[in-house]
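After the sequence you'll find the predicted model.
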Amino acid sequence: MQEDSNWDVVEEEHPRLLIVDDSELNRALLANIFESSYEIQEAENGKEGLALILSGRDSLSAVLLDVVMPEMNGLQVLHAMKSEGLLGQIPVFLITAESSEAVMQEAYELGVMDVISKPVIPYVVQRRVDSVVELFSARRMLGKKVHLQQHRLLQQAQQLAQMSFGMVEALSTTIEFRSDESGEHVRRIHHITEYLLQHTPLGEGLSKEEITLISMASIMHDVGKISIPDAILNKPGRLTPEEYEIMKTHTTKGAELLARIPQMRDNPTYPYAYDIALHHHERWDGRGYPEGLAGDQISIWAQIVSLADVYDALISKRCYKNALGYEEALAMICGGQCGTFNPRLLTCFLAVEPEIRKLYLPQESSHKDDKEEHV
């Protein structure tokens, strides 16, 4: 698509970071870490910080928030931001020496992006904050750009579809880059989904256009991982039960994110993308999440993406395991070790898996290792 010169009016040249901490020394240390990249604003208590958040809600890039403060503590600030609907707009990082399980659980439930313990390690806190700020900035810029071009895009349906795919793929790939991933995972899911719908009875009753939309929507299956803290998303070992519960929220968070983007709701991929993001971890026997759907309560496209996701995870090397051979992966899938799948879906998949393997192999030697599933 041709570059539009009007888009540069929405570039964010000076991101602004608010540091809320009652310790002048702590504020100075954090400011020193970020001052080369951000315009720094400071508040010495929660009440003052909340006032600055409310007055600058449209220009803040992130908030670094202490817990124990006079006037209003950090959790009270989070409650106030949640009631204003701001936690979905402004990423908040709790930076505190108060790292009790109760505090962390309440913070994550309220919507904080990450909890970082004091004393901070400069390069660690900078990496965590910068990666999330970049994602939120890209999302805001995407919304503004699409809004500026809406009148033209509505007149060019085909161009809208092409542009939407590019933006959606960029957003989905950006989320994978957050975990140092290549983005090839989402492309493989797209290709497998499309192949199954085009070359097996699973696609019967669907038009060519519907199959294109479903395949496009499949790459957004994990968009909700934008809300998962780095400490959990990038954990090399097994997740704790508490971390697993947080990881599971990427399904509902993904659906919420898609529903909040006006341009996405107007896009023909939206109903498929919403359904897939929310239900790609449901299982045929009802033992999946988040809603415990069973059987044909799960749409065929969500079932297909679920199987494609598991297949790709098994035959890809991850930080916590080596890649499995194709036959071993198929044995695990058919044996129920990865959850229960629709028998008809498995039959169709096994019939074309040798061809899917051919689609997969050309990319296998060049892609960076995917680190997608912990569950």
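That came through fine.

what about residue 328, neighbour count?
Residue 328 is flanked by 12 other residues according to other C-beta atoms under 10 Å. C-betas here are computed from N, CA, C, even on glycine.

Would you check how far apart it and residue 322 are?
Residue 328 is 11 Å from residue 322, where distance means C-beta to C-beta, to the nearest Å.

try residue 301
30 Å.

Of the two, give the one with the bigger neighbour count.
Legend: neighbour count by other C-beta under 10 Å for residue 301 and residue 322, higher for residue 301 (27 against 8).

My guess is residue 213 contacts residue 269. True?
Yes: assessed by C-beta atoms under 8 Å, residue 213 is found in contact with residue 269 at 4.9 Å.

Show me what counts as buried in the longest helix along the chain.
Counting by DSSP state H, the longest helix found in the chain is helix 122-148. Buried residues in helix 122-148, defined by neighbour count with 16 or more other C-beta atoms under 10 Å: 125-126, 128-133, 135-139, 142-143, 145-146.

quick check, distance from it to the centre of its chain.
Counting by C-alpha atoms, centre = their mean, to the nearest Å, helix 122-148 is centred 12 Å from the centre of its parent chain.

try stretch 313-327
22 Å.

measure it end to end?
14 Å (C-alpha to C-alpha, to the nearest Å).

what pLDDT, on average, does that stretch get?
The predicted model assigns stretch 313-327 a mean pLDDT of 80.

cool, and stretch 30-44?
93.

Likewise for stretch 245-263?
Average pLDDT, stretch 245-263: 90.

Report the backbone C-alpha coordinates of that stretch in CSV.
The C-alpha coordinates for stretch 245-263 follow below in CSV (Å, rounded to 0.1, in the frame of the first residue of the first chain):
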residue,chain,number,x,y,z
GLU,A,245,-4.2,-18.5,36.0
ILE,A,246,-2.7,-15.2,34.9
MET,A,247,-1.5,-16.7,31.6
LYS,A,248,-5.0,-18.1,31.0
THR,A,249,-6.4,-14.6,31.0
HIS,A,250,-4.8,-13.9,27.6
THR,A,251,-7.9,-15.4,26.0
THR,A,252,-10.4,-13.0,27.6
LYS,A,253,-7.9,-10.1,27.5
GLY,A,254,-7.4,-10.7,23.7
ALA,A,255,-11.2,-10.6,23.1
GLU,A,256,-11.5,-7.4,25.2
LEU,A,257,-8.7,-5.7,23.3
LEU,A,258,-10.2,-6.5,19.9
ALA,A,259,-13.6,-5.3,21.1
ARG,A,260,-12.1,-2.0,22.2
ILE,A,261,-10.7,-1.1,18.8
PRO,A,262,-13.5,0.6,16.8
GLN,A,263,-11.8,0.0,13.5
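
residues of it that come out buried?
246-258, 261, 263.

any idea how far residue 218 is from residue 22?
47 Å.

quick one: which of those two has more around it?
Taking other C-beta under 10 Å, residue 218 and residue 22 do not tie; residue 218 has more neighbours (29 against 18).

contacting residues around the more buried one?
If you count contacts by C-beta atoms under 8 Å, 6 or more residues apart in numbering, residue 218 has them with 186, 189, 190, 193, 276, 301, 304, 305, 308.

ok, the last one - how many residues close by?
Looking back up the chat, that one is residue 308. For residue 308, the count of nearby residues is 24 (other C-beta under 10 Å).

so it, which of the three states?
When classified by DSSP: H, G, I helix; E, B strand; the rest coil, residue 308 comes out as helix.

same thing with the third one?
Assigned state for residue 190: helix (three-state reduction, three-state DSSP).

Quick one, grab the pLDDT at it.
pLDDT at residue 190 comes out at 92.

Also the fourth one?
As predicted, residue 193 sits at a pLDDT of 97.

In this structure it contacts residue 308, no?
Yes: using C-beta under 8 Å, residue 193 is in contact with residue 308, at 5.7 Å.

need the contact list for the nearest residue to residue 113 once chain neighbours are set aside.
Nearest residue to residue 113, sequence neighbours excluded (C-beta to C-beta, 6 or more residues apart in numbering): residue 91, at 4.5 Å. By C-beta under 8 Å, 6+ apart, the contact list for residue 91 reads 61, 62, 63, 113, 129, 132, 133, 136.

between the residues you listed, which is closest to residue 285?
residue 113 (34.1 Å; C-beta to C-beta).

What count of nearby residues applies to the closest residue to residue 306 other than its chain neighbours?
The shortest distance from residue 306 to any residue other than its chain neighbours is 4.9 Å, reached at residue 280 (C-beta to C-beta, 6+ apart). Residues near residue 280, counting by other C-beta under 10 Å, number 28.
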